[in-house]
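**Student:** Got a sequence here, can you model it:
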Amino acid sequence: MTDLERALAEIGAIRSQLAQRDRFHGLGPTAFTATGALAIFAALLQWRWLGRPAEHVIAFLTLWIAVAAVSAGVIGFEMIFRSRRMHSRLADEMILAAALQFLPAGATGVLLTATLLCFAPSNTWMLPGLWQIVFGLGVFASCRFLPKWMALVGAWYVACGLVSLAVAQGAAAFSPWSMGAAFGLGQLLVAAVLRFAGETDV
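**Tutor:** Numbers count the residues shown, from 1 in each chain. A predicted model of the protein is given here:
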């Protein structure tokens, strides 16, 4: 390794360390308000058009996976845009550090879904609760980059997941509100925390 390569590697390491120490300002309230509204709209859509979701599990999963994908896209777009403006030269490192904190939870949610669908389809009713618990754990993992009150959001999702596992089974399985209330109000709570913490849309 040449002196130049060594120097560049050291600079990269320093930038990564700085990114991991600073609070992440790439998340703004607008995207989370929009995704909260989207989750509530999806719950209303399911309630209107999918009267017996336990008989249409694939339709249920397709709807909510699509909602998750659109939400991730909206939040990701805003995160990149805000980070470029608010973190300037450290934007890439800040985005990567924040994404890596949530990545294990996201991957776990995907693997849980695939495992239950392939090997235990009779237990897929547990997915809404498991998704919420995994999402909450992802929020907890990301808290050191975010406002301290974000821990309330993690607690909200874990609590919703536990309630869903306890209640949303049998005839109540795949209820639209097991997802719509948890994620709709949860995302709105994120928006409120960010607004309270002084994050503004730029």
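**Student:** can you give me how far stretch 131-144 is from the chain middle?
**Tutor:** 8 Å (Cα atoms, centre = their mean, to the nearest Å).
**Student:** er, stretch 52-66 actually
**Tutor:** Between the centre of stretch 52-66 and the centre of its host chain there is 19 Å, according to Cα atoms, centre = their mean.
**Student:** Can you mark which positions in that stretch are buried?
**Tutor:** Judged by neighbour count using 16 or more other Cβ atoms under 10 Å, the buried positions of stretch 52-66 are P53, A54, H56, V57, F60, L61, L63, W64. (Each C-beta comes from the backbone N, C-alpha and C, glycine too.)
**Student:** for stretch 95-109, same thing?
**Tutor:** Neighbour counts over stretch 95-109 (16+ other Cβ under 10 Å) mark I95, A97, A98, Q101, F102, A105, T108, G109 as buried.
**Student:** Now go through the residues you listed and say which are in helices.
**Tutor:** In helices, judged by DSSP state H, the following of these are found: I95, A97, A98, Q101, F102, A105, T108, G109.
**Student:** from memory the last one sits against G129, does it?
**Tutor:** Meaning G109. No: in this structure G109 lies outside contact range of G129 using Cβ atoms under 8 Å: 11.8 Å.
**Student:** which ones are touching H56?
**Tutor:** Shown here is H56, whose contacts under the criterion Cβ atoms under 8 Å, 6 or more residues apart in numbering are L50.
**Student:** Just give me the closest of the buried residues of stretch 52-66 to G26.
**Tutor:** Lowest distance from G26 to these (Cβ to Cβ) belongs to W64, with 25.0 Å.
**Student:** Ignoring the adjacent residues along the chain, who's closest to the closest one?
**Tutor:** When the adjacent residues along the chain are set aside, W64 lies closest to M179, with 5.6 Å between them (Cβ to Cβ, 6 or more residues apart in numbering).
**Student:** Now do the SS call for L185.
**Tutor:** Secondary structure, DSSP: H, G, I helix; E, B strand; the rest coil: L185 is helix.
**Student:** Looks like it contacts T35 (just checking).
**Tutor:** No: when contacts are counted by Cβ under 8 Å, L185 is not listed as touching T35 (11.7 Å).
**Student:** Figure out the helix or strand that the residue minimising distance to the centre of the chain lives in.
**Tutor:** Per Cα atoms, centre = their mean, the C-alpha nearest to the average position across the chain is that of F135, at 5.7 Å. Element membership for F135 (DSSP states H and E) is helix 127-142.
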